[in-house]
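K.L.:
3D model of this:
(one chain, ligands or ions: 1)
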Amino acid sequence: MTLHKLTDGVTRFGAQDFDRRLFDELIPLPDGTSYNAYLVEGSEKTVLVDTVDPRKSSAFDTWLASIDRLDYLVTQHVEQDHSGSIPIVLERFPNATILTTPKAKPLIVDHLHVNENRIRTVEDGETVDLGDRTLEFLHAPWVHWPETMLTYLQEDRILFTCDFLGSHLATTQLHGPSQDRVHVAAKRYYAEIMMPFHTIIRKHLDRLADYDLAMIAPSHGPVYDDPSFILDAYGHWVNDPPENLVLLPYVSMHGSTGLMVEHLVGALTERGVQVEPFNLTVTDLGKLAIALVDAATVVFATPTILTGPHPNVLATAYLVAALRPKLRFAGVVASYGWAGKATEGLTDLLGSLKVEWLDPIKVKGQPRKEDYEALDRLAEEIAARHKALAKEG
Ligand code: FEO
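P.N.:
Down below sits the predicted model:
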């Protein structure tokens, strides 16, 4: 664990999880993660903001034992990496009350079997007096669950944001190893967790523009002593138009799809379009997610297994649709041996994406001259659409 003082009377307990490599059994964590809880000591009341993942509860409990009193536990979000140690806090401090949103209350009861008498709900904009300090609660639904809220410590101008604006990055440094490294980790976090809600997040960012912030303290990753760094980054990710970038997630079983991908990469590059291929048998899906924040186009390339797309491509297409990126165009190229239904399987799955579909390309066996010409036409079409998009922007 790491203990850091943000200012007099505000301490961070950072449970650094350097070894964790997967979140939700899905999201790759190349840099581990941290679960941050914050102790705020007012002249009359003491508050803990969030707890830690149960896998770190032993060290957390040791730290709790050093705290003289606790009046409130602020639960900003009920996902277990922040709420999972609530029971040990309530046991150690029998007079402490949970402060949370009305939507979070039944979730806490259901997920952690907490007696609802220990929970007091707070409204959006409500304040709680700690004596010489004041907490203000900002309901912020869908970052990334429906019950979430942020907490503003008015006198110190510190905003506690739980998942929002956070990063999966284990580090013993309060403010992170470097802005570049934090930026990449925060962008990966945004892409994987927050991007599906980017239109709602835009509204939350607009609201925060009215707040004078000295520090942003998320419950994952380093604390930001320059709030504009992460707020500006989120502003770009949420608001900027998609870039002149094509993503090419692909699998090739016997080489035909690989030949098509190689040709398309060259054809796009010749036409001034940036392209990133992702071999789905080896790629880090987090890198694909990061690229989805900026890309205008995705083209899936798949071989055919029986009559449909390769399962890795199907799973990735499902993930892309779930992440709801700002993509504007999508296409599918497929190779097949005897049955050619792979493109239909993918376009059906991606139906929820609000994109313009480019004509699919299906190739039987190894690509021939006319197949490469079709890929050239696809590259030409993408380049033209991206130029039109740049003029819109
Ligand atoms: Fe970090 Fe949504 O939990």
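K.L.:
Can you name the residues of the stretch 51-200 of the chain sitting close to the ligand?
P.N.:
Residues of the stretch 51-200 of the chain lying close to the ligand by Cβ under 6 Å from any ligand atom are 77, 79, 81-82, 144, 163. (C-beta placed from N, C-alpha, C; glycine too.)
K.L.:
Sort those by pLDDT and name the bottom one.
P.N.:
The member of these with the lowest pLDDT is H144, and it reads 94.
K.L.:
What is the neighbour count of that one?
P.N.:
Close neighbours of H144, defined as other Cβ atoms under 10 Å, add up to 20.
K.L.:
That one and I193 touch, don't they?
P.N.:
Yes: counting by Cβ atoms under 8 Å, H144 touches I193, with 5.2 Å between them.
K.L.:
intersection of neighbour lists for those two?
P.N.:
D163 (Cβ atoms under 8 Å, 6 or more residues apart in numbering).
K.L.:
from the stretch 201-350 of the chain, which residue is nearest to the ligand?
P.N.:
H220 (5.6 Å; Cβ to the nearest ligand atom).
K.L.:
circling back: keep only those of the residues of the stretch 51-200 of the chain next to the ligand that are in helices.
P.N.:
81-82 (DSSP state H).
K.L.:
for the residues of the stretch 51-200 of the chain next to the ligand, which one is nearest V265?
P.N.:
Nearest to V265 out of those is H144 (Cβ to Cβ; 33.5 Å).
K.L.:
need the contact list for that closest one.
P.N.:
Contacts of H144 by Cβ under 8 Å, 6+ apart are 163, 193-194, 196-197.
K.L.:
By neighbour count, which of these wins?
P.N.:
M194 (25 neighbours).
K.L.:
so it makes contact with T161?
P.N.:
No: using Cβ under 8 Å, M194 is not in contact with T161; the gap is 11.0 Å.
K.L.:
sec struct for the residue of the stretch 201-350 of the chain closest to the ligand, please.
P.N.:
coil (DSSP: H, G, I helix; E, B strand; the rest coil).
K.L.:
Helix, strand, or coil at the residue nearest to it when sequence neighbours are not counted?
P.N.:
Nearest in space to H220, with sequence neighbours left out and distances taken as Cβ to Cβ, 6 or more residues apart in numbering, is G166 at 3.7 Å. When classified by three-state DSSP, G166 comes out as coil.
K.L.:
measure G166 to D124 for me?
P.N.:
As for G166, its distance to D124 is 21 Å (criterion: Cβ to Cβ, to the nearest Å).
K.L.:
More neighbours: which of the two?
P.N.:
G166 (27 against 13).
K.L.:
Return the residues in contact with that one.
P.N.:
186, 189, 218-221.
K.L.:
Just the local confidence number for it, please.
P.N.:
Reported pLDDT at G166 in the predicted model: 97.
K.L.:
Right, and the ligand sits closest to which residue of the stretch 151-300 of the chain?
P.N.:
Here the stretch 151-300 of the chain gets closest to the ligand at one residue, D163, 4.4 Å apart by Cβ to the nearest ligand atom.
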